[in-house]
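Colleague: kindly generate the corresponding structure for this input.
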Amino acid sequence: MSEAQHTPAPWENAEPRHPGGRQEEDRLIYAVSDGNWLHIAKVYQYQNDDNCDANGTALANACLISAAPELLQALKNLLNAEVFAEGEGIYRIANTDVDGSAEAVKLARAAIAKATLPKPEPTTEPH
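Modeller: Residues are numbered from 1 along each chain as shown. Next comes the predicted model:
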């Protein structure tokens, strides 16, 4: 398995420290490395003329984003488990579609692909 292409986990979410110009529900996604905050993203509350994020969408989005590295690693671990190589477990499920589980494996693979950088295309030298 290749090295992570993103800021290593864990990621956290918190209210931004500087209140000026922010909405109360805004969230900051960050990681801590060597005692320094590494800002990853800012999640703004959803609002329009009729809605001020009364249902906590910004917090829910921030929680999902901050869990992304662990979710990605869990999917990779699941699909790379030893039982997969032995033709049991995930491999059997993916090839027999037990209770729709093949679709879950397909979705897991698609999520991993979406969350990782594409592998560079091999380049060929002109002759």
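Colleague: which regions of this structure sit below the pLDDT cut-off?
Modeller: 1-4, 17-25, 46-55, 81-100, 125-127 (pLDDT under 70).
Colleague: 90 instead?
Modeller: 1-9, 13-28, 32-37, 42-61, 76-109, 117-127 (pLDDT under 90).
Colleague: can you check which helix is longest in it?
Modeller: Counting residues, the longest helix found in the chain (DSSP state H) is helix 101-115.
Colleague: list the helices and strands that helix packs on?
Modeller: helix 68-79, helix 89-96 (3 or more CB pairs under 8 Å, 6 or more residues apart in numbering; DSSP states H and E). C-betas here are computed from N, CA, C, even on glycine.
Colleague: please identify the buried residues of the longest one?
Modeller: Along helix 68-79, the positions that meet the burial threshold by neighbour count (16 or more other CB atoms under 10 Å) are 68-69, 72, 75, 78.
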